[in-house]
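Peer 1: predicted model follows, preceded by the sequence.
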Amino acid sequence: MDRVILHCDLNSFYASVELLSHPELRHVPMAVSGDPTSRHGIILAKNEPAKKFGVKTAETIWQARKKCPDLVLLRPHHDLYRIYSKKVNAIYDQYTDLVESFGIDESWLDVTHTLHLFGGDARALADELRRRIREELGLTLSVGVSFNKVFAKLGSDYKKPDATTVISRENWKKLIWPLPVGDLLFVGGAAQKILRQYNVSTIGQLAGCDPKMLESLMGKMGTQLYEYANGLDAEPVHSRTEAEPVKSVGNGTTFPLNLTTREQALNGIALLADSVATRLRRERLYAGGIQVTVRDPEFRDRSRQTRLETPTRLIRDITEISMELLGELWTPPSPIRALTVTAIYPTTEDTAYEQADLFAQSTAPQKEKQEKLEAAMDRIRGKFGNTSISFGSSKLEKEEDPLS
């Protein structure tokens, strides 16, 4: 029996919530944005009139105002968005216990085994959800109905706002294969660039590719995208109450001024490494690898990562490895707008030193001493606040600079 999966996407969520308090702006171009005076000033959400001017999410405020000079900007209220997200999910919970959140404004619902309780018609159920969200909360919803998660999400994107789209066994090729390949889940800019070199621009063309060729180009992701394009996605809907395994621990920041020197970069990396290490200890995990992402002033991102022979959660280790990776990405004085440090391939405490070689084992006492020191820092911060103590970047600066 085919599964029955809904993907529910709240339309222009942040903007729609704000319009509940500002109904006078409903028919004029408006957007929710970061601080217009800071470097975080980007569009977070926009209403339908703003969309008609071409205003896009994630573009800078100055770009948006160039398209729409009369654009009204409102500051975000994230606590309010979380409240409404919980209210929406409480409605979903009345129809199934398999509700998987995909961000604050999207959710998958698997109603395969509960649909008969609500009339047995998936489209009618989707329409009922849209009606309830609109009447009870004042928000609109687009719903995709299909036999797998990927196609259900494509359905919710297919027609907006406030619409239901059913992608069935009978119509999926007709509806989906002509769509741009970038509409498919997880086909980002890098994947599109690779596929474009092989004249693959639609989902149908992707579906017709040799899966071995896609795997050679993109690894496991290539195989996964082939399955997605051919309707073979079998990923289950996970209840959001299930504890999800931690897949990565990262932290990033946009700097008030561009970084242009090694010293500035080292200070930035050290702060991020401190945050990542602290969170790893809180989760009782070790980093099996490190990834560094650099964003330039033109919003172009570049990343490097490495797998570690000996997992770690020490600030010193994460800083040094991150600086080595940064050296592969960046040559000063090219400006850096933002940096992100991410611990990848997390592993548990029990396996942390399994792969250590003979020489690495000789450093175990020093690592243990450093672990205790950093754990003590955590306790001090827990009692007196995060700014009460820090790992001295000045001490790091006196060591050999990995970029020099």
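Peer 2: Done, it's in. Numbers count the residues shown, from 1 in each chain.

Peer 1: show me which residues of stretch 122-132 are buried.
Peer 2: Within stretch 122-132, the residues scored as buried using 16 or more other C-beta atoms under 10 Å are A122, L125, A126, E128, L129, R130. C-beta here means a position set from N, CA and C on the backbone, and glycine is covered the same way.

Peer 1: touching it from outside, list them.
Peer 2: 4, 6, 8, 91-92, 95, 111, 115, 118-119, 140-143, 145, 162, 164, 166 (C-beta atoms under 8 Å, 6 or more residues apart in numbering).

Peer 1: just the buried ones from those?
Peer 2: Buried members of those, scored by 16+ other C-beta under 10 Å, are 4, 6, 8, 91-92, 95, 111, 115, 118, 140-143, 145, 164, 166.

Peer 1: picking that back up, closest to M323 among the buried residues of stretch 122-132?
Peer 2: Closest approach between the buried residues of stretch 122-132 and M323, by C-beta to C-beta: L129, at 49.7 Å.

Peer 1: tell me if that closest one really is in a strand.
Peer 2: No - checked against DSSP: H, G, I helix; E, B strand; the rest coil, L129 lies outside a strand; its state is helix.

Peer 1: now do it, the pLDDT please.
Peer 2: For L129, the pLDDT comes out at 98.

Peer 1: could you find the closest non-adjacent residue to R295?
Peer 2: A338 (3.9 Å; C-beta to C-beta, 6 or more residues apart in numbering).

Peer 1: SS state for that neighbour?
Peer 2: Applying three-state DSSP: A338 is strand.

Peer 1: next up, the contacts around it.
Peer 2: G252, T253, T254, F255, V294, R295.

Peer 1: how about low-confidence regions in this protein?
Peer 2: Applying pLDDT under 70 to the chain flags residues 36-40, 243-244, 349-404.

Peer 1: mind listing the strands for this protein?
Peer 2: Assigned by DSSP state E, the strands in the chain fall at 5-10, 30-33, 43-46, 72-74, 99-101, 106-110, 141-146, 164-166, 248-259, 285-295, 301-312, 336-344, 347-348.

Peer 1: which of the buried residues of stretch 122-132 sits closest to L154?
Peer 2: Nearest to L154 among those, with distances taken as C-beta to C-beta, is A126, at 14.4 Å.

Peer 1: so T260 sits against R337, correct?
Peer 2: No - in this structure T260 lies outside contact range of R337 using C-beta atoms under 8 Å: 11.0 Å.

Peer 1: neighbour count: the two, which is higher?
Peer 2: R337 (18 against 13; other C-beta atoms under 10 Å).
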